[in-house]
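>>> Got a predicted structure plus its sequence, pasted below:
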Amino acid sequence: MRILPFVLALGLALPIAACGGSSHTPPPGRAGATTGQELIDLDNAYRQGAITQDEYEEQREKILDK
């Protein structure tokens, strides 16, 4: 019977411990991305031809104005 309190305490502590933070890095453009990372991603999009120079400059200003 001395094991029962230990098992109950462990059973209650494990789910709470699992609620901690995560090492997951959010994708670019999502909450949590740093300004530097957003600028790097924007530059990559421009260099790959995914956006025009005008779009690049507009988005760059938005990022820097945050």
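That came through fine.
>>> host element of Ile63?
helix 53-64 (DSSP states H and E).
>>> How many residues are close by the residue nearest to Gln59 when sequence neighbours are not counted?
Distances taken as Cβ to Cβ, 6 or more residues apart in numbering place Leu42 nearest to Gln59, at 5.4 Å, with adjacent residues excluded. Bear in mind the C-beta positions are built from the backbone N, C-alpha and C, glycine included. When neighbours are defined as other Cβ atoms under 10 Å, Leu42 has 21 of them.
>>> From what I see, Leu42 and Tyr56 are in contact.
Yes. Using Cβ atoms under 8 Å, Leu42 is in contact with Tyr56, at 6.4 Å.
>>> and the residue nearest to Gln59, what is it in contact with?
Ile51, Tyr56, Gln59, Arg60, Ile63 (Cβ atoms under 8 Å, 6 or more residues apart in numbering).
>>> Repeat the analysis, applying 10 Å as the threshold.
Pro28, Gly29, Ala50, Ile51, Glu55, Tyr56, Glu57, Gln59, Arg60, Lys62, Ile63 (Cβ atoms under 10 Å, 6 or more residues apart in numbering).
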